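K.L.:
Have a look at this fold, sequence not included:
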């Protein structure tokens, strides 16, 4: 079985090769490396399902199949009474708006 490697270990490995070129700590370097992904996570968690283009990294977007799955599980949770009507309709509108755009 293949060994899983974390993002932190890749960052640390890269840091070892370039640390003499920068006058910053490893923690600052790590924050810089991870910030674009933190930004993407915050954008997607905001409820606005828009495409996010990150130069050199690519375009991050919600797939159509993921929207359909989310609507299906949202309906099921509402029918079971797991989520409130307010939350159900707010999330449903976000998903519908994404499908229409």
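P.N.:
Yes, it's here. Source: prediction; values computed, not measured.
K.L.:
For stretch 78-95, report the contacting residues that lie outside it.
P.N.:
Under the contact criterion C-beta atoms under 8 Å, 6 or more residues apart in numbering, stretch 78-95 has outside partners 47-49, 67, 70-71, 74, 77. Quick note: C-beta positions are derived from backbone N, CA and C, even for glycine.
K.L.:
Give me the subset of those residues lying in helices.
P.N.:
The helices, defined by DSSP state H, take in 67, 70-71, 74, 77 from those.
K.L.:
Buried subset of the residues you listed, written for PyMOL?
P.N.:
When burial is assessed using 16 or more other C-beta atoms under 10 Å, the buried subset of those is captured in PyMOL by this command:
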select buried, resi 67+70+74
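K.L.:
of all the ones in helices among the contacts of stretch 78-95, which two lie farthest apart?
P.N.:
The largest separation in those, counting by C-beta to C-beta, is between 67 and 77 at 15.6 Å.
K.L.:
In a markdown table: the ones in helices among the contacts of stretch 78-95, plus distance to residue 25 and pLDDT.
P.N.:
Converted to a markdown table, the ones in helices among the contacts of stretch 78-95 look like this (distance: C-beta to C-beta, whole Å; pLDDT from 0 to 100):
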| residue | distance to residue 25 | pLDDT |
| --- | --- | --- |
| 67 | 41 | 87 |
| 70 | 40 | 90 |
| 71 | 45 | 93 |
| 74 | 43 | 94 |
| 77 | 44 | 94 |
